[in-house]
Structure formats: structure tokens, C-alpha cells
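In: sequence-free structure coming up:
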């Protein structure tokens, strides 16, 4: 059995933990935003009542697909480059969320968006540059 020296094992494990954790968070958030009635959703996410329903649903679908994209291509090793691309997309969603929340003086929410965006950015960097997953 040969050991891969080009991919640090600790980084690889950390990236997997982040991919799975972020994937679960974004899938759950995406399902919630794309399927719950806005009146119900706005009880936990008040900003959803302030923007058009179509935009809330679009954000939900993007988060759902991004969460799936973080994990599935890497697990099955079919087009695993899609996972860091999904991470870039989710980091972009978080940047846009930060801009929106700051513009609405909802600074208390920004910390979570920043943490999720940085984690997604780290996954993108790690899977593009330091510990890419090879295709079958």
C-alpha cells in the first residue's frame, strides 16, 4: 500500500469534516428556505418577510444544491472538482448575505455568515490547491 505524500492527511481529514458539516448545514437551510411557508419561516428568519418570496426560494435552492455539491461529487469521486466549485458558490452566497444584513443594520447575524463563508472558502482553497480529490 502506497502512501500519498502530496496530500497532507490532517488537512484532508479537516476538509472532509468541514465538507460534511457545511453540507449538512446548507442542505437543512436550503430545505427550510425552499419549502416552508414564508409566514412560518419569518418567525425564525425575519429577513425572509422583507424580500420577495421568489428570492427566498432561489436562495434556498442554491443552498440546497450547494450543500449537496460540497459532498456528493467528492464521495463518489465523479467530477470531484465540483465540490470546491460548490464551496466557492456558497462562499459567494455568504458574502451577499453579509452585504444584505449590514445594509439592514442586522449586524448580529453577520458573524454566522462570516464563519460559514470562511469555512466554505477554506474548503474551496483546500480542495483546489492542497488536498484535491482525484476522479475515479
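Out: Here it is on my side, so go on. Since we're looking at a predicted model, the values are computed, not measured.
In: for residue 105, give me phi and psi.
Out: Phi and psi for residue 105, reported as degrees, to the nearest 10, are phi 60, psi 40.
In: nope, residue 132 is what I was after
Out: phi -70, psi 150.
In: that one: neighbour count?
Out: Residue 132 has 18 neighbours, counted by other CB atoms under 10 Å. Heads up, the C-betas are built off the backbone N, CA and C, glycines and all.
In: is it correct that it is in contact with residue 82?
Out: No. Between residue 132 and residue 82 there is no contact under CB atoms under 8 Å: 11.8 Å.
In: setting aside sequence neighbours, what's the nearest residue to residue 121?
Out: The shortest distance from residue 121 to any non-neighbouring residue, by CB to CB, 6 or more residues apart in numbering, is to residue 91 (4.5 Å).
In: can you tell me which residues contact the one you found?
Out: The contact partners of residue 91, taken as CB atoms under 8 Å, 6 or more residues apart in numbering, are 117-118, 120-121, 124.
In: ok, now with 7 Å
Out: 117, 120-121, 124 (CB atoms under 7 Å, 6 or more residues apart in numbering).
In: among those residues, find me the one that's closest to residue 97.
Out: residue 117 (8.0 Å; CB to CB).
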